[in-house]
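1. Fold the following and give me the result.
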Amino acid sequence: MWKFLPLFAAVIVWSNTSEGRQDYLATMNGWKFYKVRVMGAMTNTNVKATCEAAGLRYPCFESGTSCTKYWTSGCIRYDDSDVSCDTPYALSQQLCGTINAMTCQPLDDTFVYFPNYWSDDSAWGVDYDTHTGALPGADYYNMYAVCAGSDL
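-> This is a model prediction of the structure:
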């Protein structure tokens with residue numbers, strides 16, 4: 001029985017250290033974007049709570065400057081530099097040189113706050129492996145929130 005105890009303890013330590021870890025993605029218009037592990041369903045509520053618990057802010061699906069349909073107060077505003085007013089696509093351009101977020105590996109399993117769209121509070125997600133976007137977050141668990149911190 002004692003042989004299993006160290007393995008069990010190591011699994012617990014690993015799982016706790018991955019929660020809330022910030023992985024840097026890119027900088028745009030004075031904001032540093034990160035992906036942060038979420039525990040639970042990938043809902044807008046959990047994305048927002050995860051970013052705030054990490055001491056960060058949260059971007060909406062849209063930048064809040066040139067596009068505001070899927071933006072709400074509380075989300076950051078940034079200049080999308082006419083690349084795309086959609087956060088995943090603007091990040092994809094910075095990271096991978098293309099606005100196709102579904103083919104940008106650093107954005108795999110990331111979800112952004114997506115207000116005013118799905119009735120189940122889903123955030124909007126990307127799956128690089130299947131090259132799929134618009135994943136309804138309420139159907140996915142323990143992925144990554146896209147969060148932002150001021151670079152100023």
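2. Okay, helices next: where are they in this protein?
-> Under the criterion DSSP state H, the chain carries helices at the ranges 4-18, 44-53, 87-96.
3. which stretch in the ones you listed has the least confidence?
-> Lowest mean pLDDT of these: helix 4-18, a mean of 42.
4. Near the residue nearest to C75 when sequence neighbours are not counted, how many residues? Count them for me, please.
-> Distance criterion Cβ to Cβ, 6 or more residues apart in numbering; nearest residue to C75, sequence neighbours excluded, is C60 at 3.7 Å. For the C-beta atoms, the positions are set from N, CA and C on the backbone; glycine is no exception. C60: 28 surrounding residues under other Cβ atoms under 10 Å.
5. now N100
-> 14.
6. phi, psi of it?
-> Dihedral angles of N100 (phi, psi; degrees, to the nearest 10) stand at phi -80, psi 90.
7. Would you check how far apart it and D82 are?
-> From N100 over to D82 the distance is 17 Å, taken as Cβ to Cβ, to the nearest Å.
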